[in-house]
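sharing a model that was predicted from the sequence below.
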Amino acid sequence: MEVPEVPGRPREPEGPDEATAEAPVAPESPVTPVAVPAEPAGVTVPAEPAVPRPRRRGRTALLIACAAALGVVAGTCTGYLIQADRKPTTLPSLSQPTLGRARGGAPEPLSAAQDRQVKVEGDLRKLLLKKPAGAKDSSWLTGDGWMDLAEYADSYEKPGTMFGNLVRDEFRRAAVTGWTVNNHQTTEIHLVQYRQQQSLEAADASDNGQYWAAKKAGTDSWPIPGTGSGMVYVHTRPETKAGYVPVYGAEAYAYRGDVVLEIWMFDTSPIPKAKIMDLAKRQMERL
């Protein structure tokens, strides 16, 4: 059976003659004569294994390289000869015709009331809806109507985690308002603004609120007209807790530019779609 040759592995000689023929000649060096005992008669000394010779590179690679070089030279010469017989292509003129200027006066700049960017760069609290007649300020509403980063993060279930997320998301500021009607219906509105220097976080924040609102069981939803992706959510199943009356909820999320709208409503009776939709539409119109 033939054994395939393994690179780097000495090939076993087929006989003493081959071993002697292929064994390399060692370099001459001074050798001290040593007495070698005579071999017993009839005993054959095994030949030393032959050392493998290094493989030499064949001529095929050299021939291919020469053919490739000749092909490149021949192609270059042929292309040059073809182009030399052709007439030069006329290049277009570098000068261009003079463009006509618009006639008449420049349009008037937008007023502060029309320029949305001017509005949102000002006092966001002035853009919040006013509480309805007969309503009372919510008990949680303290301060001057602003929420800083720590206060806004504290409104979530995991404030520590949310604080880091808001720093990463370039939270800028939040204007808030809220009221209570008939001692059982409460409304809370947030206008949250992001810097958006690295990414469009306003859209992501709105999508995040919509995602969690839609996951609640027994939830109906509708788009807010004129807002693109804005949505309102009405939860038909109340939240129950021992010692408390059942509470129904409704939410709304939308954004415009770098400002996110968040609305929450709670009541001891189911909240109609028209009520939360009206609040969301009127608040977005002010943005």
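Received the coordinates, thanks. Numbering: from 1, shown residues only.

now the residue sitting nearest the centre point of the chain: how far from residue 211?
Centroid-nearest residue in the chain, with C-alpha atoms, centre = their mean: residue 199, separated by 10.1 Å. As judged by C-beta to C-beta, to the nearest Å, residue 199 and residue 211 stand 17 Å apart. No exception for glycine: its C-beta is placed from N, CA and C like everyone else's.

again with residue 162
Going from residue 162 to residue 211 by C-beta to C-beta gives 15 Å.

what does residue 158 give?
Distance from residue 158 to residue 211, by C-beta to C-beta: 16 Å.

wait, what's in contact with the residue nearest to the centre of the chain?
169-170 (C-beta atoms under 8 Å, 6 or more residues apart in numbering).

mind checking pLDDT for it?
The model reports residue 199 with a pLDDT of 86.

likewise for residue 166?
If you check residue 166, the pLDDT there is 92.

residues touching it, list them.
Listed by C-beta under 8 Å, 6+ apart, the contact set of residue 166 reads 149, 152-153.

that's a strand at it, yeah?
No - Residue 166: not assigned to a strand; according to DSSP: H, G, I helix; E, B strand; the rest coil it is helix.

so how far is residue 277 from it?
From residue 166 over to residue 277 (counting by C-beta to C-beta), the distance is 28 Å.

and for residue 180, the neighbour number?
Residues near residue 180, counting by other C-beta atoms under 10 Å, number 18.

and it, helix, strand or coil?
Under three-state DSSP, residue 180 falls in the strand class.

quick check: longest helix of the chain.
Assignment by DSSP state H gives helix 60-84 as the longest helix of the chain.

if we can go back for a sec, select only the buried ones of the contacts of residue 166 in PyMOL?
Under the burial definition 16 or more other C-beta atoms under 10 Å, those of the contacts of residue 166 that qualify are selected in PyMOL by:
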select buried, resi 152+153
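
closest one to residue 269 out of the contacts of residue 166, please.
residue 152 (29.5 Å; C-beta to C-beta).

is it true that the closest one touches residue 194?
No - using C-beta atoms under 8 Å, residue 152 and residue 194 do not qualify as a contacting pair, with a distance of 11.6 Å.

now do the shared contacts for these two.
Taking C-beta under 8 Å, 6+ apart as the criterion, residue 152 and residue 194 both touch residue 171.

helices of the stretch 101-250 of the chain, start to end?
116-121, 149-153, 159-168, 201-215 (DSSP state H, counting those that start in this stretch).

take the ones you listed and write them to TSV, including distance to residue 76.
Below are these laid out as TSV (distance: least, C-beta to C-beta, whole Å):
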stretch	distance to residue 76
helix 116-121	60
helix 149-153	67
helix 159-168	57
helix 201-215	56
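
weakest of those in terms of mean pLDDT?
Among those, helix 116-121 scores lowest, with a mean of 80.

can you tell me what sits against that helix?
Identification of contacts with helix 116-121 by C-beta under 8 Å, 6+ apart yields 110, 112-113, 127, 193, 256-259, 287.

done for today, thanks.
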